[in-house]
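Student: predicted model, plus sequence, below.
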Amino acid sequence: MGERRDCVAVDCEMVGIGFYGNGDMLARVSVVDERGGVLYDTFVAPQEKVVNYRTPVSGVRRQDLIGAPDFVTVQETVRKLIKDKILVGQSIDHDLEVLDLDHPLDLIRDTAEYPPFFKYNRGRSPSLRKLAQVFLGRSIQRNEHSSIEDARAVMEIYQLNKVEWERRLSRR
């Protein structure tokens, strides 16, 4: 299995930018450790005009972003927290995209891309909500999302499947 690495989970909430509000901009990011402890959780000051807060899904409101740290500060903090660690997430490529960060592919564990989970969505990528119901027996994301709750759920799902997941990776 190779060397043991620390593991963190990341989840982001985005708001809508651009003429129609269909572009994504980082509004909140949460990072949790292997036991679900919050290492970092912050809203992010807008870099552009927010057209749609997407509050029913994102949970983000205009007042949340007032006085929030700037993007570069948040980005640098997350970069340091994830460096050299296994990074767990649901569709983590999108979170990394809005954070404008790269991470080594061999250190990414994406629950949306893990083939054994596809059976829970008729052969396609399952939602985090579905995986939480299947593996954790609990309902998440019923209303507004919480990036802390989502990061904790994705970490728990990874931990429950870690042995087999890492075994599959080591066979490659």
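Tutor: That came through, no problem.
Student: tell me, how many residues neighbour residue 152?
Tutor: For residue 152, the count of nearby residues is 23 (other CB atoms under 10 Å). The C-beta positions use only the backbone N, C-alpha and C, and glycine is treated the same way.
Student: that one touches residue 9, doesn't it?
Tutor: Yes. Using CB atoms under 8 Å, residue 152 is in contact with residue 9, at 7.2 Å.
Student: quick check: phi and psi at the nearest residue to residue 75 once chain neighbours are set aside.
Tutor: In this structure, residue 75 finds its nearest non-sequential neighbour in residue 99, 5.7 Å apart by CB to CB, 6 or more residues apart in numbering. Dihedral angles of residue 99 (phi, psi; degrees, to the nearest 10) stand at phi -80, psi -10.
Student: measure how buried residue 99 is and give me the count.
Tutor: Neighbour count for residue 99, taken as other CB under 10 Å: 20.
Student: ok, now how distant is it from residue 119?
Tutor: 30 Å (CB to CB, to the nearest Å).
Student: residue 82 too?
Tutor: 29 Å.
Student: okay, those two: which has more neighbours?
Tutor: Using other CB under 10 Å, the more surrounded residue of residue 82 and residue 119 is residue 82, with 24 against 11.
Student: pLDDT on stretch 51-61, on average?
Tutor: Stretch 51-61 carries an average pLDDT of 90.
Student: and the helix or strand containing residue 162, C-alpha only, in PDB?
Tutor: Per DSSP states H and E, residue 162 falls inside helix 147-170. This file holds the C-alpha atoms of helix 147-170, laid out as PDB (Å, rounded to 0.1, in the frame of the first residue of the first chain):
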ATOM      1  CA  SER A 147     -19.900  22.700   2.600                       C
ATOM      2  CA  ILE A 148     -18.900  21.400   6.100                       C
ATOM      3  CA  GLU A 149     -21.600  18.700   6.000                       C
ATOM      4  CA  ASP A 150     -20.700  17.800   2.500                       C
ATOM      5  CA  ALA A 151     -17.000  17.600   3.200                       C
ATOM      6  CA  ARG A 152     -17.600  15.400   6.300                       C
ATOM      7  CA  ALA A 153     -20.000  13.100   4.300                       C
ATOM      8  CA  VAL A 154     -17.500  12.600   1.500                       C
ATOM      9  CA  MET A 155     -14.700  11.900   4.000                       C
ATOM     10  CA  GLU A 156     -16.900   9.300   5.800                       C
ATOM     11  CA  ILE A 157     -17.800   7.600   2.600                       C
ATOM     12  CA  TYR A 158     -14.100   7.400   1.500                       C
ATOM     13  CA  GLN A 159     -13.100   6.100   5.000                       C
ATOM     14  CA  LEU A 160     -15.800   3.300   4.800                       C
ATOM     15  CA  ASN A 161     -14.400   2.300   1.400                       C
ATOM     16  CA  LYS A 162     -10.700   3.200   1.800                       C
ATOM     17  CA  VAL A 163      -9.200  -0.300   2.100                       C
ATOM     18  CA  GLU A 164     -10.800  -1.500  -1.200                       C
ATOM     19  CA  TRP A 165     -10.300   1.800  -2.900                       C
ATOM     20  CA  GLU A 166      -6.600   1.900  -2.100                       C
ATOM     21  CA  ARG A 167      -6.200  -1.800  -3.000                       C
ATOM     22  CA  ARG A 168      -7.800  -1.100  -6.400                       C
ATOM     23  CA  LEU A 169      -5.400   1.800  -7.000                       C
ATOM     24  CA  SER A 170      -2.300  -0.200  -6.000                       C
END
